[in-house]
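Undergrad: take a look and give me a structure for this.
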Amino acid sequence: MNQDEVAEHEEVDEGEQARVLELLRRYGWNATSFQVLQPGFRYWFDPAGDACMAYVDTGGAWVTAGGPIAAPERLPAVVAGFQEAARAAGRRVCFFATESRFTRLVPMEELPIGEQPVWDPAHWEDVVRGSRNLREQLRRARKHGVTVREVPASVLEDAAQPMRQAVERLKARWLASRRMAPMGFLVQLRPHAFASERRAFVAVS
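TA: Residues are numbered from 1 along each chain as shown. Next up is the predicted model:
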């Protein structure tokens, strides 16, 4: 059984999840922020109640899922508190999947192990103008009559809905073509989870 399969069988503390979700609404900014609501994570809450860390206990270390979920000015203090709690539990700490903002606010040695594509929807027209390949893909989509529409959360949450089933089939094909990395706990793919907190779009022809 791999790590994601183990996560599927772990019980979820809904009270803790609710606390984390509220903090995410206020302070979430890391690209992996929303993933911490998936099964398999433990949470450390700062005693002040205004911050938390999501992590996985490997037995030798607490491996975090991104940086602290906290106000920017609180990051150094939250990190220090988390490290102290880990030491008390006999664990080292590894801050995984953080971004440059984290090390600007909490100076420490970092090791880049990957990159992620990022684009700002507010500058979409500039993105299109700067990519000939993207313009060609958009032209082909228009030629084939592809349209995009938003999917209501209620549709994604209902396993009996044809659209939800189509999304699940697409997800299965995509995952079958890619092997999950060892840190798969941060790339769980559940578009139906907390659907009301997301905006989902589908392209159809």
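Undergrad: which residue ranges of the chain form helices?
TA: 3-9, 14-27, 75-88, 100-105, 124-129, 132-143, 153-157, 162-176 (DSSP state H).
Undergrad: out of the ones you listed, which gets nearest to residue 69?
TA: Of all the helices of the chain, it is helix 14-27 that lies closest to residue 69, at 4.6 Å by Cβ to Cβ. Where C-beta positions appear, they are placed from N, C-alpha and C, glycine not excepted.
Undergrad: give me the angle between that closest one and helix 75-88.
TA: Angle of helix 14-27 versus helix 75-88, following axes from the mean of the first three to the mean of the last three Cα atoms, to 10 degrees, is 150 degrees.
Undergrad: which elements pack onto helix 14-27?
TA: strand 42-45, strand 52-57 (3 or more Cβ pairs under 8 Å, 6 or more residues apart in numbering; DSSP states H and E).
Undergrad: any idea how far stretch 32-52 is from the chain center?
TA: Chain-centre distance of stretch 32-52: 12 Å, with Cα atoms, centre = their mean, to the nearest Å.
Undergrad: of the helices and strands packed on helix 14-27, flag the one that's most buried.
TA: Ranked by mean neighbour count, those are led by strand 52-57 with a mean of 22 (mean count of other Cβ atoms under 10 Å).
Undergrad: got the angle for that strand vs helix 75-88?
TA: On the basis of the same axes, to 10 degrees, strand 52-57 is oriented at 30 degrees to helix 75-88.
Undergrad: helices and strands around strand 52-57, which ones?
TA: If contacts are counted by 3+ Cβ pairs under 8 Å, 6+ apart, strand 52-57 sits against helix 14-27, strand 42-45, strand 61-65.
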